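**Student:** sequence-free structure coming up:
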């Protein structure tokens with residue numbers, strides 16, 4: 001379980017960082033490393049990445065809360081919680097990549113798989 005929580009944190013960090021990284025070719029490394037007082041236009045790819053990050057920001061606190069509860073609730077089903085955490089992390093990584101590619105139906109399906117992972121984590125607590 002701990003592995004998947006840490007993996008989720010890595011996925012979250014990379015996702016949050018990704019919109020900024022696509023700016024480097026657009027504005028140059030010098031401007032990227034500077035103060036960026038003026039915001040460049042948001043391109044299609046950066047916009048997709050930002051929306052994917054916004055979506056992850058909505059569900060990631062739930063994931064972390066359920067993950068911590070799986071450790072502290074005495075009768076929690078750790079196997080089910082771990083399966084749910086694994087499902088969520090892999091689905092969220094795939095979601096980010098699919099959102100980047102702009103595949104709408106598959107994106108929604110993968111989002112649902114991630115939500116099922118959260119559901120498994122929640123059911124593991126009862």
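**Tutor:** The structure has been received and is ready for your questions. Just so we're clear, the structure is a prediction, and the values are computed from it rather than from any experiment.
**Student:** residue furthest from the geometric center of this structure?
**Tutor:** Farthest-out residue of the chain from its mean C-alpha position, per C-alpha atoms, centre = their mean: residue 30, at 28.6 Å.
**Student:** which intervals of this structure have sub-threshold pLDDT?
**Tutor:** Scanning the chain with the threshold set as pLDDT under 70 gives 36.
**Student:** how does it look with 80?
**Tutor:** Judged by pLDDT under 80, the chain has its weakly predicted residues at 26-42.
**Student:** Flag every buried residue along the helix or strand containing residue 122.
**Tutor:** Assigned by DSSP states H and E, residue 122 falls within helix 104-123. Across helix 104-123, burial judged by 16 or more other C-beta atoms under 10 Å covers 107, 110-111, 114, 117-118, 120-122. Using the backbone N, CA and C atoms, a C-beta is placed for each residue, glycine as well.
**Student:** what distance separates it from the centre of its chain?
**Tutor:** If you compare the mean C-alpha spot of helix 104-123 with that of the full chain, they lie 12 Å apart, counting by C-alpha atoms, centre = their mean, to the nearest Å.
**Student:** what packs against that helix?
**Tutor:** Packing partners of helix 104-123 (3 or more C-beta pairs under 8 Å, 6 or more residues apart in numbering; DSSP states H and E): helix 44-72, helix 78-101.
**Student:** would you list these in a markdown table and tack on distance to residue 38 and mean neighbour count?
**Tutor:** A markdown table is the format used below for these (distance: least, C-beta to C-beta, whole Å; neighbours: other C-beta atoms under 10 Å):
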| stretch | distance to residue 38 | mean neighbour count |
| --- | --- | --- |
| helix 44-72 | 15 | 16 |
| helix 78-101 | 25 | 20 |
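**Student:** Present those as CSV; the columns should include distance to residue 34.
**Tutor:** Converted to CSV, those look like this (distance: least, C-beta to C-beta, whole Å):
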stretch, distance to residue 34
helix 44-72, 18
helix 78-101, 26
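**Student:** Compare those helices and give me the one nearest residue 3.
**Tutor:** The closest of those to residue 3 is helix 78-101. By C-beta to C-beta, the value is 8.5 Å.
**Student:** No more questions from me, cheers.
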